[in-house]
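S.K.: Sequence plus the predicted model coming up.
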Amino acid sequence: MSPELIVQVKREPGYTTVTVAGELDVATAPQVREHLVALLAGHRPLVIDLDRVSFCDATGLGVLVGAANRAGASLHLICSRPQTRRLFQLTGLAQRLPLAPTMADAVATVPETSSDRILAPGPSPTMSQPPSPDCNGGDQHDSPV
């Protein structure tokens, strides 16, 4: 049984951040996929922070590849953990899903074409369900999956 996985979603001006913490594996991948599919339906760039992922198996990698296929250039991954970066290199996914070492590096690659860059992010209530694609600015969700 995998330890609890936490998915935190925060809407920022011009993009949405998704922080994943815990194990991304066959047991937790379906819930992560559900979150990402719902967020991608909103047509906002996604920045996914993998720095708190302690383990990722082939199913977890498949969820990230599927999200990248849906999102195209509007998906940005962050990871500074050497073991995770090595996993991406060994599987050849580093070419398909480049990992930015920091949030600042990932955000720098988000296009500034979105008109909601002028919105100010703000705190909002915590939700345990996957976000709906029509979230209002400032929405943030923490949910164990």
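M.R.: The structure has been received and is ready for your questions. Numbers count the residues shown, from 1 in each chain.

S.K.: Grab the most central residue of this protein for me.
M.R.: The centroid of the chain falls nearest to Ile48 when counting by CA atoms, centre = their mean (2.6 Å).

S.K.: My read is that that residue contacts Ile78, right?
M.R.: Yes - counting by CB atoms under 8 Å, Ile78 is a contact partner of Ile48 at 6.9 Å. For glycine as for every other residue, the C-beta is placed from the backbone atoms N, C-alpha and C.

S.K.: Please list the residues outside the helix ranked longest in the chain that contact it.
M.R.: Ranked by number of residues, the top helix in the chain under DSSP state H is helix 58-71. Applying CB atoms under 8 Å, 6 or more residues apart in numbering, the contact partners of helix 58-71 are 23-26, 28-29, 32-33, 36-37, 40, 45-46, 48, 53, 75, 77, 87, 91, 93, 96-97.

S.K.: The residues you listed in helices, which ones?
M.R.: Using DSSP H, those in helices are Ala29, Val32, Arg33, Leu36, Val37, Leu40, Leu87, Thr91, Leu93, Arg96.

S.K.: got the contact list for the second one?
M.R.: Neighbouring residues of Val32 by CB under 8 Å, 6+ apart: Leu5, Val7, Val20, Leu24, Gly60, Val63, Val145.

S.K.: Apply 7 Å and report the result again.
M.R.: Counting by CB atoms under 7 Å, 6 or more residues apart in numbering, Val32 touches Val7, Val20, Leu24, Val63, Val145.

S.K.: No more questions from me, cheers.
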